[in-house]
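>>> give me a 3D structure for the following:
(2 chains)
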2 protein chains.
Amino acid sequence: MPAFHNFPRVAVTTLRWGFLLLLLGGSVGSVCALFLWLLDQATDIRFEAPWLIFGLPLAGVGVALLYQWFGGKSAAGNNLIIDEIHKPGGGVPFRMAPLVLFGTVVSHLFGASVGREGTAVQIGGSFAAAIGRLFRLHVQDMRLLLMAGIAAGFGAVFGTPVAGAVFGLEVLTLGRLDYAALLPVAVASIVADWTCHAWGIHHAVYHVGFRGIAAADGSMFHVNAILLVKVGFAAVCFGLASRAFADGVHRLAGVFQRLCPSAWIRPAIGGVLTLLLVWMLGTRDYLGLGTVSHVEGGASILNFFGAGYYPWSWLWKLVFTLVALATGFKGGEVTPLFFIGAGLGNALSPLLGVPVDLLAGVGFVAVFAGAANTPLACTFMAVELFGATDVIYYATGCFIAYLVSGHTGIYLSQRIGTPKL
Amino acid sequence: MPAFHNFPRVAVTTLRWGFLLLLLGGSVGSVCALFLWLLDQATDIRFEAPWLIFGLPLAGVGVALLYQWFGGKSAAGNNLIIDEIHKPGGGVPFRMAPLVLFGTVVSHLFGASVGREGTAVQIGGSFAAAIGRLFRLHVQDMRLLLMAGIAAGFGAVFGTPVAGAVFGLEVLTLGRLDYAALLPVAVASIVADWTCHAWGIHHAVYHVGFRGIAAADGSMFHVNAILLVKVGFAAVCFGLASRAFADGVHRLAGVFQRLCPSAWIRPAIGGVLTLLLVWMLGTRDYLGLGTVSHVEGGASILNFFGAGYYPWSWLWKLVFTLVALATGFKGGEVTPLFFIGAGLGNALSPLLGVPVDLLAGVGFVAVFAGAANTPLACTFMAVELFGATDVIYYATGCFIAYLVSGHTGIYLSQRIGTPKL
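Prediction:
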């Protein structure tokens, strides 16, 4: 902190950054609100018009052509933003935001199994870059603003502002966290989340009733040693699932690239494969976000926290999502990772004798922690979504999954700061 | 993660580390339980025998002589452990543990205003070093075990295992967090905390009733933008208090060293000054830990969360603690920092129009976050002590206090990784 005679300079810097971050958080929060509203509409329409799934191959090709004609560097997505923070270069084009928003909504309308965090992060990054260019920020300030943009998108889209802030710091480098942007990411993420709620957006609410909110005396403490060991064992499985996802999506993308060098045709293959999978399994539960199911008792993230048993849903969601992402459908990875994690937690729960809501909750955050290499952000996410009483289990799950998941991760441009093990 | 053909090596490493960390966590947790029990006894005895305060100068001299004769490098305390992790050298002597435990209990029996985290961290560090020597660990493994020892001591003494784990990673370097020890710190901290509870130790329970545990629909979300701005303003005050504490203790120690070059006489000065302060103010509320007061409605951490108003208690605690620590009394800094933070929150609450329990809770963790430069550990601590619903206010408080508090901090051997601002 500068000395007090620097007060005018400090005041100007504070006001300037305050303005930039309010502008960033407000705009990203608003666009994320629009995005979440459109996603809801698209999902509802798809539930009511199931024949839309037959349009999936064509829809994928349409979006891919759009990217080919107008996208420029936008196709690099999240990796472009992370690269730009590590090694400022050509900048992040503004067109990334509308393209990825449109592309993701199309994916969900026609039923591709993709998520939304990638979209939100790209909206955040491209708005940050645009604001930075508008106010002619220096390279170092631009880096901070880009991190704040990532945090804003993430915080708003999941309704988890503290996790968003930590994610913006943690995602850049595997095994290391740098505090330079600590306050900018927090402000942007909180403002974006607040704005998104102010537009009337509500997020899904998950109930982890295990042990309730707190002990009778108000104390948060309870750790059952045996339960913790069981959760630790499950976390190894969660980490291996993260690894299968991250490795799988990169390998499968390579296979499809060799099979079909034209990027714009690949989504057609993915669409047809998805149709075949739906026909083979006779269920549409693995299309789209998967937060809720259109049939009573269907496989969905919310249902994994309840009494139903879904032994293989996590695996099918993994297959559907690998197919969609590896063939170039637009959207994020994280909500499918939530689905895979909560589903795997549901599947392991009776085998290990762990309450299903607890293990679904741990899996929800742990598979994502392992795949994105962001264990602290995911622990905070669990606290923001499920409450504080079981934080020790969430932290254990995220930390172990992080260690077990290897060095790949879903973001290839993430640098390796400190190797694991 | 190594490939599967390395399974035997991975299994051996896992078992070996599991054994080391269970041993470390179990022993540190047990000694911390003994320490907390002794502290309770010492505080009770002091409440019942108020004349003990007159022994404070002599008690301080006695402990200082003990360190001079038998302490060796132990007097360097926390800084020795942090230095040893950054630059392995002469090692951490085992005698540090019994000496600091005895010295701290003596401080509390006679009423010095000190804390307990330093003691717990030193117990953790010296047990880790002893176990490392016993099993002939390599330098790199010894570093990990020392971090785990810090985490174990911190987690057990405050009953906050996740905060303890993150503290063990975060305290080493200002502005940067390295994940190499992620799992060891978590295991050690959780085991130590569990062991400490298994011995029947209970921690103080703080009630932050503001907005309750969760919204009616189970959702954790609520952010009031105006309230958040007010908390942010208070957090600047918290950060300045952190700064006054960290700068103050180092400067005052320098002054006392010039006034009185003999280290063993200095506690006598501190003891006499403390007696004078007690006589001048006519209250014993600022002696010892300050978690509870021996008189109804007295200034104490628990009372700061309630209806009473204590406008200057934080300042007097600051003065008492600077005097005790700068003249060489043994004990930690953190519980006095909790007192100063919660007290300042109590004092600011009517001025800013923020619910007193919320602002006392934010101050509790934020002043500590600023003084120790550990904003993430302190945010987790708030979650573990006060619950999840207000996490956004705790994070804001800790992040801002961290930024405002300058580069000094209470741990001088902390390296600067990424400068603030």
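>>> what's A:F256 in contact with, if anything?
Contacts were defined as Cβ atoms under 8 Å, 6 or more residues apart in numbering or on different chains; by that measure A:F256 touches A:R266, A:I269, A:G270, A:A326, A:T327. Bear in mind the C-beta positions are built from the backbone N, C-alpha and C, glycine included.
>>> I'd say A:T283 and A:G297 touch.
No. Between A:T283 and A:G297 there is no contact under Cβ atoms under 8 Å: 11.4 Å.
>>> who has more neighbours out of these two?
Taking other Cβ atoms under 10 Å in any protein chain shown, A:T283 and A:G297 do not tie; A:T283 has more neighbours (15 against 11).
>>> does that one count as helix, strand or coil?
coil (DSSP: H, G, I helix; E, B strand; the rest coil).
>>> could you verify that A:L177 is part of a strand?
Yes. Under three-state DSSP, A:L177 falls within a strand.
>>> which non-adjacent residue is nearest it?
Excluding the flanking residues, the one nearest A:L177 by Cβ to Cβ, 6 or more residues apart in numbering or on different chains is B:L177, at 4.1 Å.
>>> the one you found against A:R176, yeah?
Yes. With contacts counted by Cβ under 8 Å, B:L177 reaches A:R176, the gap being 6.9 Å.
>>> with neighbour numbers in mind, choose between those two.
B:L177 (25 against 18).
>>> so who does A:L348 touch?
Contacts of A:L348 by Cβ under 8 Å, 6+ apart are A:A234, A:C237, A:V354, A:L359, A:G363.
>>> quick revisit: out of the contacts of A:F256, which is nearest to A:T14?
A:A326 (45.6 Å; Cβ to Cβ).
>>> strands of the stretch 101-250 of chain A, start to end?
A:173-174, A:176-178 (DSSP state E, counting those that start in this stretch).
>>> so can I have a markdown table of those strands showing mean pLDDT?
Shown next, in a markdown table, are the strands of the stretch 101-250 of chain A (pLDDT from 0 to 100):
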| stretch | mean pLDDT |
| --- | --- |
| strand A:173-174 | 90 |
| strand A:176-178 | 89 |
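>>> got TSV for those, with distance to B:S413 too?
Formatted as TSV, those follow (distance: least, Cβ to Cβ, whole Å):
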stretch	distance to B:S413
strand A:173-174	25
strand A:176-178	20
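>>> what's the spacing between A:G115 and B:A326?
As judged by Cβ to Cβ, to the nearest Å, A:G115 and B:A326 stand 55 Å apart.
>>> cool, A:V185 as well?
Taking Cβ to Cβ, one finds A:V185 at 37 Å from B:A326.
>>> these two: which has the busier surroundings?
A:V185 (30 against 22).
>>> residue ranges with poor pLDDT in the stretch 301-421 of chain A?
A:421 (pLDDT under 70).
>>> which residue is the nearest non-sequential neighbour of the residue in it positioned nearest to chain B?
Closest approach between the stretch 301-421 of chain A and chain B, counting by Cβ to the nearest Cβ: A:A388, at 3.7 Å. Among residues not flanking A:A388 along the chain, B:A388 sits closest, at 3.7 Å (Cβ to Cβ, 6+ apart).
>>> wait, the one you found sits on A:M381?
No. Counting by Cβ under 8 Å, B:A388 stays clear of A:M381, with 11.1 Å between them.
>>> higher neighbour count, those two?
A:M381 (29 against 26).
>>> need the pLDDT of the residue nearest to the more buried one when sequence neighbours are not counted.
Closest residue in space to A:M381, ignoring its immediate chain neighbours: A:A163 at 3.7 Å, by Cβ to Cβ, 6+ apart. You'll see A:A163 listed with a pLDDT of 96.
>>> now the helices for the stretch 201-350 of chain A?
A:225-259, A:266-281, A:301-304, A:313-326, A:334-352 (DSSP state H, counting those that start in this stretch).
>>> deepest of the ones you listed, which one?
Per-stretch averages of neighbours, counted by mean count of other Cβ atoms under 10 Å in any protein chain shown, single out helix A:334-352 among the helices of the stretch 201-350 of chain A, with a mean of 26.
>>> how far off centre is it?
16 Å (Cα atoms, centre = their mean, to the nearest Å).
>>> got the angle for it vs helix A:313-326?
Helix A:334-352 runs at 160 degrees relative to helix A:313-326, counting by axes from the mean of the first three to the mean of the last three Cα atoms, to 10 degrees.
>>> next SSE downstream of helix A:334-352?
For helix A:334-352, the succeeding helix or strand toward the C-terminus, using DSSP states H and E, is helix A:356-372.
>>> buried ones in the helix or strand following that following helix?
Next helix or strand after helix A:356-372 toward the C-terminus (DSSP H and E): helix A:375-386. By 16 or more other Cβ atoms under 10 Å in any protein chain shown, the buried positions in helix A:375-386 come out as A:P375, A:L376, A:A377, A:C378, A:T379, A:F380, A:M381, A:A382, A:V383, A:E384, A:L385, A:F386.
>>> looking at the residues you listed, which is nearest B:F70?
Distances from B:F70 to the buried residues of helix A:375-386, taken by Cβ to Cβ, are shortest for A:L376, at 40.9 Å.
>>> so which bits of the stretch 51-200 of chain A are right by chain B?
Applying Cβ under 8 Å from any Cβ of the partner chain, we find that the stretch 51-200 of chain A lies next to chain B at A:159, A:161-162, A:165-166, A:174-180, A:182-183, A:186, A:190, A:193-194, A:197.
>>> if we go to 10 Å?
A:155, A:159-163, A:165-166, A:169-170, A:173-187, A:189-191, A:193-195, A:197-198 (Cβ under 10 Å from any Cβ of the partner chain).
>>> any of these buried? List them.
By neighbour count, with 16+ other Cβ under 10 Å, those hold A:155, A:159-163, A:165-166, A:169-170, A:173-187, A:189-191, A:193-195, A:197 as buried.
>>> skipping adjacent residues, who's closest to A:F368 in space?
Leaving out its chain neighbours, the residue that sits closest to A:F368 by Cβ to Cβ, 6+ apart is A:L337, at 4.4 Å.
>>> next one: the one you found from B:A307, what distance?
46 Å.
>>> go on, A:R176?
45 Å.
>>> overlap in contacts, B:A388 and A:M381.
A:V162 (Cβ atoms under 10 Å, 6 or more residues apart in numbering or on different chains).
>>> in stretch A:99-109, which residues are buried?
A:L99, A:V100, A:L101, A:G103, A:T104, A:V105, A:V106, A:S107, A:H108, A:L109.
>>> residues from the stretch 251-400 of chain A in reach of chain B?
So the stretch 251-400 of chain A meets chain B at A:373, A:375-376, A:379-380, A:382-389, A:391-396, A:398-400 (Cβ under 10 Å from any Cβ).
>>> rerun that using 6 Å as the cut-off
Contact residues, the stretch 251-400 of chain A versus chain B (Cβ under 6 Å from any Cβ of the partner chain): A:V383, A:E384, A:G387, A:A388, A:V391, A:I392, A:A395, A:F399.
>>> any idea of the mean pLDDT for stretch A:27-34?
97.
>>> which positions in that stretch come out as buried?
Quick answer for stretch A:27-34 (16+ other Cβ under 10 Å): A:S27, A:V28, A:G29, A:S30, A:V31, A:C32, A:A33, A:L34.
>>> how about the contacts made by the fourth one?
Spelled out, that is A:S30. Contacts for A:S30 (Cβ atoms under 6 Å, 6 or more residues apart in numbering or on different chains) come out as A:T195.
>>> which element, helix or strand, includes it?
helix A:7-48.
>>> roughly how far does A:L228 sit from chain B?
Distance, A:L228 to chain B, by Cβ to the nearest Cβ, to the nearest Å: 7 Å.
>>> model confidence for that residue, exactly?
In this model, A:L228 carries a pLDDT of 92.
>>> if you drop the residues flanking it in sequence, what lies closest to A:C260?
Of all residues not flanking A:C260 in the chain, A:R266 sits nearest, at 5.2 Å (Cβ to Cβ, 6+ apart).
>>> gap between that neighbour and A:M142?
From A:R266 over to A:M142 (counting by Cβ to Cβ), the distance is 33 Å.
>>> just A:L302 next, same as before
40 Å.
>>> same question, A:L99
With Cβ to Cβ as the criterion, A:L99 and A:M142 are 21 Å apart.
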